[in-house]
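> Just the structure for this:
(chains A and B)
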2 protein chains.
Amino acid sequence: MVNIFSSLPYKLEQEFFEELLLHKNIKIERIISKGHTSPKTAWYDQKENEWVIVLEGAGSILFENGAEFNLKKGDYLNIPARTRHKVTRTDPDNITIWLAIHYW
Amino acid sequence: MVNIFSSLPYKLEQEFFEELLLHKNIKIERIISKGHTSPKTAWYDQKENEWVIVLEGAGSILFENGAEFNLKKGDYLNIPARTRHKVTRTDPDNITIWLAIHYW
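Numbers count the residues shown, from 1 in each chain, chains lettered A, B, ... in the order given. Take a look at the predicted model:
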């Protein structure tokens, strides 16, 4: 049995992506950030849907239509496929743990 | 935006199941228990796979082969379809919040 709050990476020079489950219809991923954001000029434009929840820390997601959501622990959001978005902020002082369910 | 730790039911005479997302390939569900368990004589025997994580509290899952897992906050488990299992214990004093991803 595995714990989502354990086995944290020692260094976080880059965001840390870890696949927890892969199936033909979904992928479950743990993402660990610490001050990381999307590149200022780039948008995520995914062909899969994504349901994401913050399990620790805090992060902000901006959508192309201008809506920005500041997620704290426990907040979740559904991001339909092809909905352009980016991460504009994650807590620089503490780790942020995201659980992302990609489905298609 | 919704928070998984909010909108908790006031009464918990029965386990509380809440669908957070339904899609043709997955269902995301919040389950809230407080001392609830499966009926002693019954097994869950689901045609869907289920990935489950405890976000608050503690619960135990027993498999038909005798393996029992005591999950605490952050522990997760994958339960393949048709793997008979039951919940043998949840914390009687505090709520347990499960996040379950059913996929098929």
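> now A:I79: how far from A:F63?
Counting by Cβ to Cβ, to the nearest Å, the gap from A:I79 to A:F63 is 8 Å. Quick note: C-beta positions are derived from backbone N, CA and C, even for glycine.
> Find the residues that touch each one of the two.
Common neighbours of A:I79 and A:F63 (criterion: Cβ atoms under 8 Å, 6 or more residues apart in numbering or on different chains): A:H85.
> Which one's more surrounded, the two?
More neighbours surround A:I79 than the other of A:I79 and A:F63, with 19 against 15 (other Cβ atoms under 10 Å in any protein chain shown).
> Which strand residues bridge that one?
A:E50 (DSSP bridges).
> My guess is it contacts A:E48. True?
No: assessed by Cβ atoms under 8 Å, A:I79 is found out of contact with A:E48, at 9.3 Å.
> Count the residues that sit near the nearest residue to A:D45 once chain neighbours are set aside.
Excluding the flanking residues, the one nearest A:D45 by Cβ to Cβ, 6 or more residues apart in numbering or on different chains is A:R84, at 5.0 Å. Counted with other Cβ under 10 Å, the neighbours of A:R84 add up to 14.
> So for A:R84, what's the pLDDT?
Note on A:R84: pLDDT of 95.
> List the contacts of the residue lying closest to A:P9 once chain neighbours are set aside.
Once flanking residues are discounted, A:P9 sits nearest to A:F16: 4.8 Å by Cβ to Cβ, 6+ apart. By Cβ under 8 Å, 6+ apart, the contact set of A:F16 is A:P9, A:R30, A:I31, A:I32, A:S33.
> Could you single out the nearest of these to chain B?
Closest approach to chain B among the contacts of A:F16 (Cβ to the nearest Cβ): A:R30, at 9.7 Å.
> Is chain B within reach of the helix or strand the closest one falls within?
A:R30 is part of strand A:26-33, with elements assigned from DSSP states H and E. Yes: using Cβ under 8 Å from any Cβ of the partner chain, we find that strand A:26-33 touches chain B at A:I26, A:I28.
> Distance from that strand to the middle of the chain?
For strand A:26-33, the separation from the chain centroid amounts to 7 Å (computed by Cα atoms, centre = their mean, to the nearest Å).
> who touches it?
Outside strand A:26-33, the residues that touch it by Cβ under 8 Å, 6+ apart are A:4, A:8-9, A:12, A:15-22, A:48, A:57, A:59, A:87, A:90-91, A:95-104, B:25-26, B:51, B:101, B:103.
> what do you get if the cut-off is 6 Å, keeping everything else the same?
Contacts of strand A:26-33 with the rest of the structure, by Cβ atoms under 6 Å, 6 or more residues apart in numbering or on different chains, involve A:15-21, A:90, A:95-98, A:100-103, B:26, B:51, B:103.
> now the angle from it to strand B:26-33?
Strand A:26-33 and strand B:26-33 are oriented at 70 degrees to each other (axes from the mean of the first three to the mean of the last three Cα atoms, to 10 degrees).
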